[in-house]
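Enquirer: sharing a sequence plus its predicted fold:
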Amino acid sequence: MAYLELQNLHREFAGGVKALDGIEVQLGQGEFLSLLGPSGCGKTTALRLVAGFDRPDEGRIVIDGKDITNVAPSKRDMGMVFQAYSLFPNMSAAQNVEFGLKIRGKHKGERASRVGELLELVGLGHAGDRYPHQLSGGMQQRVALARALAIEPRVLLLDEPLSALDAKVRVQLREEIRRIQLELGITTLYVTHDQEEALAVSDQVAVMNRGRIEQIGPPAEMYSRPATPFVAEFIGTMNRLEATIADPDSGTVEHGGVSLTVDAARGRRRGERVLVLIRPETVELTPADGSGGENTLSGEVIAQTFLGPVTRLKVVGPAADLIADVSTAKAATLPIGMKVTAALPATDARVLELSDPVAERAPELDPVGQ
Amino acid sequence: MRSGRRRLNLAWLATIPFFAYTFLFLFLPAGSVLLGAFKGVHGGYTLGNVRVLFHHPYIDAYKTSIEVSLVTALLGGIIGLATAYAALREGTPKWVRSIITTFSGVAANFGGIPLAFAFIATLGTIGVMTQFLKDQLHIDLYAHGFTLFGKTGVEIVYLYFQLPLMILVIAPAIDGLRREWREAASNLGASSWQFWRYVGLPVLMPSILGSIILLFGNAFAAYATAYSLTSGTVSLVPILIGAYYTGNVLDNPHLAQALAFGMFVVLAAMMVAYIPLQRRAARWAK
């Protein structure tokens, strides 16, 4: 049975801006769900509705079977970690953590021991006396996490808690958050625009776009079986080939005058316009020998981006432009300007109905740069 | 080829007018007042001028000045803070904020004879409001002991510029209160009152204390408004200083300088009391 349910949530702001357009989420107790999406997709609005800082125009928020849609934020028993700078500046780290317990009238001794435990849990046992301005951004967010956990909330809400931190601290702290979440078994709703972050820490990921959830599922499924072109592009990088079903029995599609076999195209309607999605790591590049071959496209390497163990190559050809991730060692044998043959996998490609290719694209994502 | 000599930096020359101005119109007069306070009418140095400050009517003038300044600083501070918060808080229409800050900018600088006349025309014995209350609501203010031309009247008139001054000086501090603090407090179970008690007021306290000191000084040194309103019948230190300097009836500039010296001492005492309070209130910001 779901512990936290968002039922058909709608929220429209002044000027007719639809921030949420029928959100449905079911989250089991102890689960970690990330709301992932670009700026303005409605993920923070959804979180604020759950926290009680805003009210939905329509829909319900249910926790443990009880409707809390109209309950005041102070009565919801939810711990929230904000983006940044939310610590009370006039209180030390320990006093910040203690605040919720003090408000709840807990005994001084009990408060002190709980504060000590939580500061140890977030690795700041030594910094309890420091004021927020004496702490780094990462330390402040750890204190904010400890403060949110101090009241033993029913649900932990995190609103892009790592966005103001540098890359190294971000990775470190997200692992800490996941460790603590698993240790305490606390139901968690996490908002982020960083797909890597969402995939790394979540049990479930919900990709949001224009106030709606495009797809919800475990990270691996979101990556390997995106349900919409938007999800496909938002999570990881995809090659997109607009094609026409030529033979539904064999799974043959035609793209730019080239026939390609794609298993996922089998059984579709002949002549249907589809979008073939191929992950860069599944594209195999070899130096062109003029022989061509089945399921291949030809082209020329025009750019290389070093990504550590792999190098991303951009290949431009007469039929399509492609991105391929190859091992850095192999990339050395495929220099810029080399003619290459790209072998496309018949089994790993996804096929989606081509509805509105422009509108469906994930915003602000460059296929090479992503 | 670059020469090895350092270029002469002449930018500091631009500060000369500032230092010349402060020397001529601040330090020189202040020094002259300090020295003059200890001079006798017939020359030579004496403590006599300072000694008489502890006697009637001078000590009473200090008491009245301090009382008027404290009352208007505290009332102006509290009401100004509440008004500024109401105008600036999330949810208040922007036009309200705009009107209040614009009005405050004007009103905080309105004083002297025009302000006194404005109040005489409104709350004087035949003022518009006085007559309206008398004729329409049958409330005769002056029959109930109220007078605009006494200490209470001075306090009411001073509040006209003290309150907007408070709004102007506290507004940036209120703007600095982050929405996240309020939401975090609420999320942790705090009521609005608990937020203000534990977070809002402590965070604002250094600014509130600083603003109240400013308001105190503003009222303590005001002269023209009180003089125009009461014709000198309310004994305030600046009015006594004016009387001794102008020499209409009494001419004793050294006593006037001693009174001004006494004002320095009162303000210095206020600062001495304020600094530890300010330090304590702002210890978290160090």
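Expert: Noted; the coordinates are in hand.
Enquirer: up against chain B, what does the stretch 1-150 of chain A have?
Expert: With Cβ under 8 Å from any Cβ of the partner chain as the criterion, the stretch 1-150 of chain A meets chain B at residues A:51-53, A:72-80, A:82-83, A:85-92, A:99-100, A:102-104, A:131, A:133, A:144, A:147-148, A:150. Using the backbone N, CA and C atoms, a C-beta is placed for each residue, glycine as well.
Enquirer: where do the strands sit along the stretch 151-286 of chain B?
Expert: Using DSSP state E, counting those that start in this stretch, no strands are assigned anywhere in the stretch 151-286 of chain B.
Enquirer: which residue ranges of it form helices?
Expert: B:151-175, B:179-187, B:192-195, B:201-220, B:224-230, B:237-246, B:253-281 (DSSP state H, counting those that start in this stretch).
Enquirer: show me where chain A dips below the pLDDT cut-off.
Expert: Applying pLDDT under 70 to chain A flags residues A:290-292, A:355-370.
Enquirer: break it down into its structural domains.
Expert: A:4-229, A:238-360 (automatic domain parsing).
Enquirer: next up, the contacts around the nearest residue to residue A:345 once chain neighbours are set aside.
Expert: Once flanking residues are discounted, residue A:345 sits nearest to residue A:282: 4.6 Å by Cβ to Cβ, 6 or more residues apart in numbering or on different chains. The neighbourhood of residue A:282, defined by Cβ atoms under 8 Å, 6 or more residues apart in numbering or on different chains, consists of A:344-345, A:348-349.
Enquirer: now, the most widely separated pair of the residues you listed?
Expert: A:344 and A:348 (8.9 Å; Cβ to Cβ).
Enquirer: these two - which one has more neighbours?
Expert: residue A:344 (25 against 16; other Cβ atoms under 10 Å in any protein chain shown).
Enquirer: just to revisit the earlier point, can you flag which of the residues of the stretch 1-150 of chain A next to chain B belong to strands?
Expert: Using DSSP state E, the members of the residues of the stretch 1-150 of chain A next to chain B that fall in strands are A:78-80.
Enquirer: now, among those, which is nearest to residue B:279?
Expert: Scanning these for proximity to residue B:279, where the rule is Cβ to Cβ, the winner is residue A:80, at 33.1 Å.
Enquirer: wait, what's in contact with the closest one?
Expert: The contact partners of residue A:80, by Cβ under 8 Å, 6+ apart, come to A:51, A:148, A:156-159, B:183-184, B:187.
Enquirer: which two of these have the greatest separation?
Expert: A:156 and B:183 (15.2 Å).
Enquirer: measure the residue nearest to residue A:345 to chain B for me?
Expert: According to Cβ to the nearest Cβ, to the nearest Å, residue A:282 stands 44 Å off from chain B.
Enquirer: got the residues of the stretch 51-200 of chain B near chain A?
Expert: Near chain A, when you scan the stretch 51-200 of chain B using Cβ under 8 Å from any Cβ, you find B:178, B:180-181, B:183-191, B:194, B:198-199.
Enquirer: mind giving me the PyMOL select for the residues you listed, buried ones only?
Expert: Only the buried members of these end up in this PyMOL selection, burial being decided by 16 or more other Cβ atoms under 10 Å in any protein chain shown:
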select buried, chain B and resi 178+180+181+183+184+185+186+187+188+189+190+194+198+199
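Enquirer: returning to that earlier point: now do the shared contacts for residue A:344 and residue A:348.
Expert: A:278, A:282.
Enquirer: before we move on, the earlier item: what would the helices of the stretch 151-286 of chain B look like in CSV with mean pLDDT?
Expert: Output for those, formatted as CSV (pLDDT from 0 to 100):
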stretch, mean pLDDT
helix B:151-175, 94
helix B:179-187, 94
helix B:192-195, 94
helix B:201-220, 93
helix B:224-230, 91
helix B:237-246, 86
helix B:253-281, 89
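Enquirer: among these, which is nearest residue A:30?
Expert: Residue A:30 lies closest to helix B:179-187 among the helices of the stretch 151-286 of chain B, at 20.7 Å (Cβ to Cβ).
Enquirer: what's the angle from the closest one to helix B:201-220?
Expert: If you take axes from the mean of the first three to the mean of the last three Cα atoms, to 10 degrees, helix B:179-187 sits at 130 degrees to helix B:201-220.
Enquirer: all strands of the stretch 201-350 of chain A, in order?
Expert: A:204-209, A:212-217, A:239-247, A:252-255, A:258-261, A:273-278, A:284-287, A:296-306, A:310-316, A:321-327, A:339-343, A:350-353.
Enquirer: so which of those strands is nearest chain B?
Expert: strand A:204-209 (21.6 Å; Cβ to the nearest Cβ).
Enquirer: let me know which of the domains of chain A is tucked in deepest.
Expert: domain A:4-229 (a mean of 19; mean count of other Cβ atoms under 10 Å in any protein chain shown).
Enquirer: roughly how far is it from the heart of the chain?
Expert: How far domain A:4-229 lies from its chain's middle: 14 Å, per Cα atoms, centre = their mean, to the nearest Å.
Enquirer: now do the end-to-end distance for that domain.
Expert: 28 Å (Cα to Cα, to the nearest Å).
Enquirer: over to stretch B:234-254?
Expert: Distance across stretch B:234-254, first residue to last, is 22 Å (Cα to Cα).
Enquirer: enumerate the positions of that stretch that are buried.
Expert: Under 16+ other Cβ under 10 Å, the buried positions of stretch B:234-254 are B:234-245, B:253-254.
Enquirer: how far does that stretch sit from the chain's center?
Expert: Centre to centre, stretch against its chain (Cα atoms, centre = their mean), the figure for stretch B:234-254 is 21 Å.
Enquirer: thinking again about what came up before, could the buried residues of stretch B:234-254 be laid out in TSV, adding distance to residue A:40?
Expert: Formatted as TSV, those follow (distance: Cβ to Cβ, whole Å):
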residue	distance to residue A:40
B:234	62
B:235	65
B:236	60
B:237	61
B:238	59
B:239	63
B:240	66
B:241	64
B:242	64
B:243	68
B:244	70
B:245	67
B:253	71
B:254	73
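Enquirer: for residue A:249, state which of the residues you listed is nearest.
Expert: Among those, and counting by Cβ to Cβ, the member closest to residue A:249 is residue B:238, at 102.5 Å.
Enquirer: contacting residues for residue B:34?
Expert: Here residue B:34 is in contact with B:257, B:261, B:264 (Cβ under 8 Å, 6+ apart).
Enquirer: if you could redo that for residue A:315, that was the one I meant.
Expert: Residues counted as contacts of residue A:315 (Cβ under 8 Å, 6+ apart) are A:285, A:299-302, A:321-324, A:340, A:342.
Enquirer: measure the spatially most central residue of chain B to chain A for me?
Expert: Of all residues in chain B, the one closest to the mean position by Cα atoms, centre = their mean is residue B:218, 2.3 Å from it. For residue B:218, the distance to chain A equals 28 Å [Cβ to the nearest Cβ].
Enquirer: quick one: that residue and residue B:162 touch, right?
Expert: Yes: counting by Cβ atoms under 8 Å, residue B:218 touches residue B:162, with 6.7 Å between them.
Enquirer: spell out which residues are contacts of both of the two.
Expert: residue B:73.
Enquirer: where exactly do the helices run in the stretch 151-300 of chain A?
Expert: Using DSSP H, counting those that start in this stretch, helices in the stretch 151-300 of chain A cover A:167-184, A:195-201, A:219-224, A:229-234.
Enquirer: same for the last one, what does it pack against?
Expert: With contacts taken as 3 or more Cβ pairs under 8 Å, 6 or more residues apart in numbering or on different chains; DSSP states H and E, helix A:229-234 sits against strand A:204-209, strand A:212-217, strand A:239-247, strand A:273-278, strand A:350-353, helix A:357-360.
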